[in-house]
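Novice: Predicted structure and sequence below. I'll ask about it afterward.
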Amino acid sequence: MYMNSSKILFLSTLIMGTLISISSTSWLGVWMGLEINLLSFIPLMSNAKNIMSTEASLKYFLIQAIASSLLLFSLIMMFLMSNMSILLNHEVFPLLISSALLLKLGAAPFHFWFPATMEGLNWWNNLILMTWQKIAPLMLLSYLINMNTFFSVIIISSIGIGSLGGLNQTSLRKLMAYSSINHLGWMIAAMTSGENLWELYFLIYFFLSAAIIFMFHTFQCFHINQNFLLMNNDPKIKFCMFTLLLSLGGLPPFLGFLPKWLIIQAMAELNSLLIVTLMVITTLITLFYYIRITFSAFLFSYTELKWNYIQLYDNHFYIIMMTFTMISLLGLTFSSLIFNVI
């Protein structure tokens, strides 16, 4: 993302909007922070050189505006009804507020806008959309969450759609979008057992997503078949790529397995065995489409093009990627050792 003074301004107000929302003491302050956050992200999304970004920013604006309207309507109605002795089920208002926040997050079944918006943006905007833009709605959702039928349906649909939706995709941006929906299901499940769990999950997801998107951006990869041709001249970079992807999928020796391990344990203690079983099964499906991205790394014989030997990265990129990979590879081991020592 080309940084100029206006981009820096909008990026700072984007961060400020999220901080206002999560630190506000009233729901009206929460709504205001979400609006500042939304209106700051729209100019960051727009790019005169890419017509798809204009379409994506319009889709994003309309969906977020509908979610904000629903949120404000729910809040006003809740405050009005609290002063009236009308026979009305007040449980409906937390449900409406939760629905508005889930629409902002792009969790299934409110997910239809999310992959289409991701497809029109560059990688850095995708990273903001997948990570930073989820902080405020997730934090607010954690205040309201209560393990009932509604949230059980949300968790199951998010992990199901997030895993099955990515199977038929060749676009890496859509794959990352469906992956994000699947991880949202895990985070919402983690909320039911405590604040610390989903925050740890989000931090590790943020780290792994940033590392993978940094690599995709450097090589300008947007489709799966590009990975079959790129990175053949340096197997170490390819090793970094599939290590990070398998870690994001939650394969046991890697860092990405740590939060999933803790969530499975916490959910089992709460006797949510059916949901845990479904979560583990759908994670195996997501692992399949992560492995498909790095399929060429597992083949002994593949085509190499001579023009592909051009060096697309410098030593700084190489050092950063190897650092990310080592953290991903050894993070679980060190975490276990520290836990045992403590």
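Specialist: Thanks, I have the structure now.

Novice: Quick check: buried residues in stretch 35-45?
Specialist: Across stretch 35-45, burial judged by 16 or more other Cβ atoms under 10 Å covers Glu35, Ile36, Asn37, Leu38, Ser40, Phe41, Leu44, Met45. The way it works is simple: take the backbone N, C-alpha and C, and place the C-beta from them, glycine included.

Novice: quick one: average pLDDT of that stretch?
Specialist: For stretch 35-45, mean pLDDT is 94.

Novice: contacts for that stretch?
Specialist: Residues outside stretch 35-45 that contact it (Cβ atoms under 8 Å, 6 or more residues apart in numbering) are 1, 6-7, 10-11, 13-14, 16-18, 20-21, 53, 56-57, 60-61, 64-65, 68, 121, 125, 128-129, 133, 136.

Novice: circling back to that earlier point, and the buried residues of stretch 35-45, which is closest to Lys104?
Specialist: Nearest to Lys104, judged by Cβ to Cβ, of the buried residues of stretch 35-45 is Leu38 at 8.7 Å.

Novice: What strand or helix carries that closest one?
Specialist: Assigned by DSSP states H and E, Leu38 belongs to helix 27-45.

Novice: next SSE after that helix?
Specialist: helix 51-82.

Novice: before we move on, the earlier item: mind giving me the ChimeraX select for the contacts of stretch 35-45, buried ones only?
Specialist: Selecting only the buried entries of those in ChimeraX, with 16+ other Cβ under 10 Å as the criterion:
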select :10,11,13,14,17,18,20,21,53,56,57,60,61,64,68,121,125,128,129,133,136
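
Novice: how much space between the closest residue in space to Ser46 that isn't next to it in sequence and Ser40?
Specialist: Excluding the flanking residues, the one nearest Ser46 by Cβ to Cβ, 6 or more residues apart in numbering is Ser57, at 5.3 Å. Taking Cβ to Cβ, to the nearest Å as the measure, Ser57 falls 12 Å from Ser40.

Novice: same question, Cys240
Specialist: Using Cβ to Cβ, we find Cys240 at a distance of 33 Å from Ser40.

Novice: Point out the other helices and strands that the helix or strand that Leu262 is a member of packs with.
Specialist: Under the criterion of DSSP H and E, Leu262 resides in helix 257-269. The helices and strands touching helix 257-269, judged by 3 or more Cβ pairs under 8 Å, 6 or more residues apart in numbering; DSSP states H and E, are helix 172-191, helix 195-219, helix 273-293, helix 315-341.

Novice: elements contacting the longest one?
Specialist: Where contact means 3+ Cβ pairs under 8 Å, 6+ apart, helix 315-341 is packed against helix 195-219, helix 235-249, helix 257-269.

Novice: which outside residues touch the shortest one?
Specialist: Translated: helix 257-269. 186, 189-190, 192-194, 197, 200-201, 204-205, 247, 250-251, 273, 275-276, 279-280, 283, 331-332, 335.

Novice: Got a quick ChimeraX command for the buried subset of those?
Specialist: To isolate the buried members of these in ChimeraX, using 16+ other Cβ under 10 Å:
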select :186,189,190,192,193,197,200,201,204,205,247,250,251,275,276,279,283,331,332
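
Novice: Find the nearest non-adjacent residue to Leu101, please.
Specialist: Excluding the flanking residues, the one nearest Leu101 by Cβ to Cβ, 6+ apart is Pro137, at 4.5 Å.

Novice: Could you check how far that neighbour is from Met130?
Specialist: 13 Å.

Novice: Who has more neighbours out of those two?
Specialist: A side-by-side neighbour count of Pro137 and Met130, using other Cβ atoms under 10 Å, places Pro137 first with 27 against 23.

Novice: quick one: what helix or strand has the more buried one in it?
Specialist: Here Pro137 is assigned to helix 133-144, by DSSP H and E.

Novice: I'd like the next helix or strand past that helix.
Specialist: In N-to-C order, the element after helix 133-144 by DSSP H and E is helix 149-164.

Novice: could the buried residues of stretch 35-45 go into CSV alongside distance to Phe150?
Specialist: Shown next, in CSV, are the buried residues of stretch 35-45 (distance: Cβ to Cβ, whole Å):
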residue, distance to Phe150
Glu35, 26
Ile36, 29
Asn37, 25
Leu38, 25
Ser40, 31
Phe41, 28
Leu44, 33
Met45, 31
